[in-house]
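1. Here you go, sequence then predicted model.
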Amino acid sequence: MNRLSCYVRDRLQRRLFLWFGVAILLSGVAFSIVMLLVSAPGGPAWAREMGRARAFLGARFGEVWHDDRARESLARAIADDLDVSVTLRDPNGAAFQAFGHGCGRRAWTLDAPAVREGHRLGVVSICAERTRTGGLLRWFAPLVAAGMILWALSGTVARRLSRPLEELARVAGEIGRGNYGARARMGRHVHGEAVVLSMAMNEMAARIERQMSDQRELLAAVSHELRTPLARIRLLTELTRDGVNAQKNLDELDREVFEIDALVGDLLAQSRLDFTALAKEQLDPVETGLRALDRAGVGAEALVVEGKPEPVLAEPTLFARALANLLDNAKKHGGGVVALRITALADAVVFEVEDAGRGLEPGEERRIFEPFYRRPDEKAREQGSLGLGLSLVSRIAEAHGGRARAANREEGGARIGLELPVASRQTA
């Protein structure tokens, strides 16, 4: 019994095949019961037919009741042709003639009064055996054969139904074992929910594979980049311990710690985007911009507001990180912050930081938002840029249904920022 249970559980195809067989068997039993109930005596249809037979036999025997030869000939013909027993009785119920084989206790009996011109002449009793084995086999055998054919065909149906699910189970197992390159492949005959599920699973696997690849690449880059500030911190610590330029060394230590803290903040923001749901809130663009300027050490006069921007729906910590990265990028690589410009559009709000740098090279409008992108000049590398700040800005914008944008200013320098839809558009 245990081996049979394991066999059934091993594959969905077998389970479907067995359940199809159970369904066909139950359908056959139900059909047989219905047929027996319909054809059994006592039902409405049976009563109607018996009434018609009783009236016909009573009228027919009433016509020939007083003609002994004709009466016997009619009774014998009915007994022979219908394989039944016919008994003729007088008005008092006494039998005086019988034709055909006798009937047992389980016989069906029909008593038809022989009537002519309203007078009861006698009774014709007809009985037949209730069970006919040959009759049962005549319809039971084809029913069993049809059921076996249907069950055999259900094996093909079970295979077609279970194959997509087995493929999905295989891919899920591969992903669970760390093979994120596994993909579900459906045949041309597969349609409906199985295809939708396979597409969702493939998209999930691709996203996990991309995230894991980004995490590995990020870990390798961060491990490499952390060596430089850590080496500087170690050196500055030794110099401070020796009493050489202690105050200057402490200032340098503070800057190095600040850089590491900023890097850790970017890493945490990356992790929140990858693995947690965003708890968005309605934020006032102007108040958010003023707070970002204050934290970056830039005066409030740098804030420029165009139009009447509506509130945006964003995760406060991540959005603050995006604005901080934009301002930090302008200070480090753009010659300083010229303005934080907030522009109201029809259904969006644009946050842009304008700098006083040399602007963007052709094609850099998109490349600056790629992870680990750094300009090929020595100054950017000396400043310890890892190339994550603007990439994180782009990811935060996309996670909020917006986009990052960059362009050169006519006055010189660059304008880099992000565009977010207004809260009323996202909640509608």
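-> Arrived safely, thanks for sending.

2. tell me the SS of Phe372?
-> Using DSSP: H, G, I helix; E, B strand; the rest coil, the structure places Phe372 in coil.

3. again, but for Ala112
-> Reduced to three states with three-state DSSP, the structure at Ala112 is strand.

4. Identify the bridge partners of it.
-> Val124 (DSSP bridges).

5. from here on, count from 812
-> From this message on, residue numbering opens at 812, which makes the last subject Ala923.

6. these two touch, right, it and Arg863?
-> No. Ala923 lies out of contact with Arg863 (C-beta atoms under 8 Å); the separation is 10.7 Å. Glycine gets a C-beta too; all of them are placed from N, C-alpha and C.

7. Comparing the two, which residue is more hemmed in?
-> A count of neighbours by other C-beta atoms under 10 Å puts Ala923 above the other of Ala923 and Arg863, at 21 against 10.

8. quick one, what contacts the more buried one?
-> By C-beta atoms under 8 Å, 6 or more residues apart in numbering, Ala923 lies in contact with 864-866, 868-869, 872, 934-937.

9. Could you chop the protein up by domain?
-> 855-942, 991-1087, 1092-1238 (automatic domain parsing).

10. rank those domains by pLDDT, which is bottom?
-> Lowest mean pLDDT within the domains of the chain: domain 991-1087, at a mean of 75.

11. hey, where'd the strands end up in the stretch 1062-1211 of the chain?
-> In the stretch 1062-1211 of the chain, the strands defined using DSSP state E, counting those that start in this stretch lie at 1092-1094, 1114-1117, 1123-1125, 1148-1155, 1159-1166.

12. what's the third one packed up against?
-> Helices and strands in packing contact with strand 1123-1125 are listed as strand 1092-1094, strand 1225-1232, helix 1234-1238; criterion 3 or more C-beta pairs under 8 Å, 6 or more residues apart in numbering; DSSP states H and E.

13. For Ser965, which of those is the nearest?
-> The minimum distance between Ser965 and the helices and strands packed on strand 1123-1125 falls on helix 1234-1238, with 49.7 Å, by C-beta to C-beta.

14. ok, the residue lying closest to Thr898 once chain neighbours are set aside - contacts?
-> In space, and not counting its chain neighbours, Thr898 is closest to Ser936: 4.2 Å by C-beta to C-beta, 6 or more residues apart in numbering. For Ser936, the contact set (C-beta under 8 Å, 6+ apart) comprises 897-900, 906, 920-923.

15. After the host helix or strand of Ala956, which helix or strand is next?
-> In the assignment (DSSP states H and E), Ala956 maps to helix 944-987. The element immediately downstream of helix 944-987 (helix or strand, assigned by DSSP H and E) is helix 1004-1052.

16. for that following helix, the distance to its chain's centre please.
-> With C-alpha atoms, centre = their mean, to the nearest Å as the basis, helix 1004-1052 stands 30 Å off its chain's centre.

17. Just tell me which of the helices and strands packed on strand 1123-1125 ends up closest to Val982.
-> For Val982, the closest of the helices and strands packed on strand 1123-1125 is helix 1234-1238, at 33.8 Å, according to C-beta to C-beta.

18. any idea how far Ile1044 lies from Leu1079?
-> Separation of Ile1044 from Leu1079 (C-beta to C-beta, to the nearest Å): 21 Å.

19. Oops, could you answer that again for Ala1217 instead?
-> Counting by C-beta to C-beta, the separation of Ala1217 from Leu1079 is 25 Å.

20. Compare these two and say which is more crowded by neighbours.
-> Higher neighbour count among Ala1217 and Leu1079: Ala1217, with 20 against 13, using other C-beta under 10 Å.
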